[in-house]
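>>> Generate coordinates for the sequence data below:
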Amino acid sequence: KGIVYVTDSEGKKVFRFENGKAELLLENLKGPNGILTHDGVLYVLDAGGMYKINEDKSLTRIIDGMEGGTDGIENIGGSDFIVSCWEGALWYVNAADTTKQLMLDTRKEKRNTADIGIDPATKTIYVPTFWKNTVVAYEVK
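Numbers count the residues shown, from 1 in each chain. Purely as a prediction, here's the structure:
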């Protein structure tokens, strides 16, 4: 039961699945990947940017300039998010004031930062390094 949102990076689409039925939510994106619902708001990552998907299916840009393949997104409280970029970067994003800050850059070491997960109780972000076959944990303070 519930609603599941899925990004199709190659097809450049976002789908919504509910009660066994698929609905095309968005199309003609550049390469959507990470997607997250938080406090009733749906967010999607697309080509270096973070966007809010509005009820009318339009997009509101929150932030861009996160090159390297935006991949994972997690909320760490309120309007604060962590975004991973495939090439090896973690960004802190404040959706309320539309600012970002680079928190981690492992591109020189060629250590990817793929999809991410969070333990909300400890604010620990788990980052799979993909080709390095490890998962690294970072506590967010």
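
>>> In space, not sequence, find me the middle residue of the chain.
With distances taken as CA atoms, centre = their mean, I73 lies nearest the centre of the chain, 2.7 Å away.

>>> Can you tell me the strand partners of the host helix or strand of that residue and which way each runs?
Assigned by DSSP states H and E, I73 belongs to strand 70-77. Strand 70-77 has its sheet partners listed here by DSSP bridges as strand 80-85 (antiparallel).

>>> what's in contact with whichever helix or strand comes after the partner strand?
Note on strand 80-85: by DSSP H and E, the next helix or strand toward the C-terminus is strand 89-94. For strand 89-94, the external contacting residues (CB atoms under 8 Å, 6 or more residues apart in numbering) are 50, 62-63, 66, 68, 79-85, 99-107, 113, 116, 125, 127, 138. In short, each C-beta sits where N, CA and C put it, glycine included.

>>> before we move on, the earlier item: name the nearest residue to the residue nearest to the centre of the chain, sequence neighbours excluded.
G34 (4.1 Å; CB to CB, 6 or more residues apart in numbering).
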